[in-house]
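[1] Just a sequence and a predicted model for now, questions to come.
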Amino acid sequence: MNSFRRKPPRLPVIGLAGFLGLFFALYVAAASVAEVRVGREAGGSAFQKILTVKDGQFDWIVLGASHALPLAFGDVAKRLEDETGQRMIVLAEVGAGPLFSDFVLLQAIEDLRPRRLLYIADSFAFHSSRWNEERIADRKLLRKTPLRLSTLVTMSNLVISQDVPASALLDYATVFSKLNPPDRFPQDDWRGAEHFDRVFRPSRHATKARIDYLYPEPVDDTKLDRYLDTLEGMIARARVAGMEVAIVRPPVPEAFRESLPGEAAFDAKLRARLSGLDVPLHDLSATLDDPALYFDTDHLNRDGVELLYELHLKSILAADR
């Protein structure tokens, strides 16, 4: 009698195309979860705020760097609406130069139909690509920028027309930073909202360290002129959208203000540009020198914001135009 062994059944072999398809499906699923859980959290970054209140209408949007953020920490928006009926939203971002602010403005115009723009102008933001092109490519911010076609188109245009790295567009389109957090270990990041009620004790060492951080490279007139051009383009864009524009130099303590490099040249060039555009400039930089009004070297605390609003901002924001 002949005997034979039955051959074990052959398992299906997944080809390269099948493997890639499975990988792609898993990646899309993971990216979708990350997009919802991380990219679309409410109230974090400027772009997250815009998406949260999409299709709302605002009388004022506030753009700029971290000196504008205390306006969001305090009760300025609520008081303005209670007293004048005007709605305001702060879309500033830590370390945001004029190029990043223009990036935010494009999305705000599309989604919020704003009537007026208040831009908080910090000199440091006009002196380095760190606060402009590199800020758009910053993985911490890309992680908190919701994936949207309109934002993708704008970023593509910035990669083509500006020096924004193409890697930023690839990261954003693939949701890479939302899947791979840039900070895997705790870091001492700026926590303005948490420190808003503190009173800072003046320190020359802290002031010097802060200035060194804000100005990572020597002041360069070529870069200053370039980013002033960016500001002019942002103003023109706002006006095409039917918006009125006002520029504010934020208050900082005297010791901090006197340590800023190239401040006189920046002030002169900014004034000349805005005068030619007929844009009002409100220089409040020397209006609040008391260190007790700040929670660190240069950011207003709750008392400082309330005083700024009562003495200066109310008349700027509530004025009939």
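    Good, I have the coordinates.
[2] Tell me where the stretch 201-321 of the chain has strands.
    In the stretch 201-321 of the chain, the segments counted as strands under DSSP state E, counting those that start in this stretch are 244-249, 281-283.
[3] For Gly192, find the nearest of those strands.
    strand 244-249 (17.9 Å; CB to CB). The C-beta positions use only the backbone N, C-alpha and C, and glycine is treated the same way.
[4] on contacts alone, who are the packing partners of the closest one?
    Applying 3 or more CB pairs under 8 Å, 6 or more residues apart in numbering; DSSP states H and E, we find strand 244-249 packed against strand 116-120, helix 221-240, helix 263-277, strand 281-283.
[5] pLDDT (mean, whole number) over stretch 288-301?
    Average pLDDT, stretch 288-301: 96.
[6] Relative to Tyr215, which of the strands of the stretch 201-321 of the chain is closest?
    For Tyr215, the closest of the strands of the stretch 201-321 of the chain is strand 244-249, at 17.0 Å, according to CB to CB.
[7] Show me how far that closest one is from its chain's centre.
    17 Å (CA atoms, centre = their mean, to the nearest Å).
[8] can you count the residues close to Asp283?
    15 (other CB atoms under 10 Å).
[9] Would you point to the one among the strands of the stretch 201-321 of the chain that's packed deepest?
    strand 244-249 (a mean of 20; mean count of other CB atoms under 10 Å).
[10] Mind checking the pLDDT average for that one?
    97.
[11] okay, the strands of the stretch 201-321 of the chain in TSV with distance to Lys78 next?
    Output for these, formatted as TSV (distance: least, CB to CB, whole Å):
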stretch	distance to Lys78
strand 244-249	20
strand 281-283	22
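[12] looking at the helices and strands packed on strand 244-249, which is buried most?
    strand 116-120 (a mean of 23).
[13] Which residues does the helix or strand that that strand is followed by contact?
    With elements assigned by DSSP states H and E, the helix or strand that comes after strand 116-120 is helix 133-136. If you take CB atoms under 8 Å, 6 or more residues apart in numbering as the criterion, helix 133-136 is touched by 93, 95-97, 99-100, 103, 141, 155, 158, 162-165, 168.
[14] Grab the most central residue of this structure for me.
    Central residue of the chain (CA atoms, centre = their mean): Glu93, 2.7 Å from the mean position.
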